[in-house]
Structure formats: structure tokens, C-alpha cells
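Visitor: A structural model of the following input is requested.
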Amino acid sequence: MGNLLYIIAVILIIGWAVGFVGFNAGGLIHILLVIAVIVILLRVISGRNAV
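Guide: Below is the predicted model of the structure:
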């Protein structure tokens, strides 16, 4: 389950980067970034490696 959350976080960060550079999707891209950061922080707090 932890690997799945990490993969989702990476996909969200990549989606944010593509959207930030290529598209003007408004607040949706930034919400995806916030969700990805929260998932990574939860992994760090729970004691697992984020990388």
C-alpha cells in the first residue's frame, strides 16, 4: 500500500509539472501538487523513506 501511495504522489507531481509548463488548468494543478506533498509528508512522518 505504501508503494502505491508513493507512485500516486510521483504521478501527481509529474502531472503538476506538465500542467504548470504546458497548460493553464487553474487551481486543479496546484491542488494535485498539494495532495502529492501531503502523501510524501505522511510517508516521512510514518518513518518510511520518501525516496
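Visitor: quick one: low-confidence parts of the protein?
Guide: Across the chain, the ranges flagged by pLDDT under 70 are 1-2, 20-27, 29, 48-51.
Visitor: Could you check the longest helix seen in it and say which residues are buried?
Guide: Ranked by residue count and defined by DSSP state H, the top helix of the chain is helix 2-22. Going by neighbour count (16 or more other CB atoms under 10 Å), the buried part of helix 2-22 is 6, 9, 12-13, 15-16, 19. C-beta coordinates here come from the backbone N, C-alpha and C atoms, glycine included.
Visitor: go on, stretch 30-39?
Guide: Neighbour counts over stretch 30-39 (16+ other CB under 10 Å) mark 32-33, 36, 39 as buried.
Visitor: How far away from the center of its chain is that stretch?
Guide: 5 Å (CA atoms, centre = their mean, to the nearest Å).
Visitor: hmm, who's touching it?
Guide: Stretch 30-39 is contacted by residues 5-6, 8-10, 12-13, 15-16, 19 when judged by CB atoms under 8 Å, 6 or more residues apart in numbering.
Visitor: between these, which is nearest Ile45?
Guide: Taking CB to CB as the measure, Ile45 lies nearest Leu5 of those, at 12.6 Å.
Visitor: if we can go back for a sec, give me the subset of the buried residues of stretch 30-39 lying in helices.
Guide: In helices, defined here by DSSP H, the members of the buried residues of stretch 30-39 are 32-33, 36, 39.
Visitor: can you list these in a markdown table and add distance to Gly47?
Guide: Conversion of these to a markdown table gives the following (distance: CB to CB, whole Å):
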| residue | distance to Gly47 |
| --- | --- |
| Leu32 | 25 |
| Leu33 | 24 |
| Ala36 | 19 |
| Val39 | 15 |
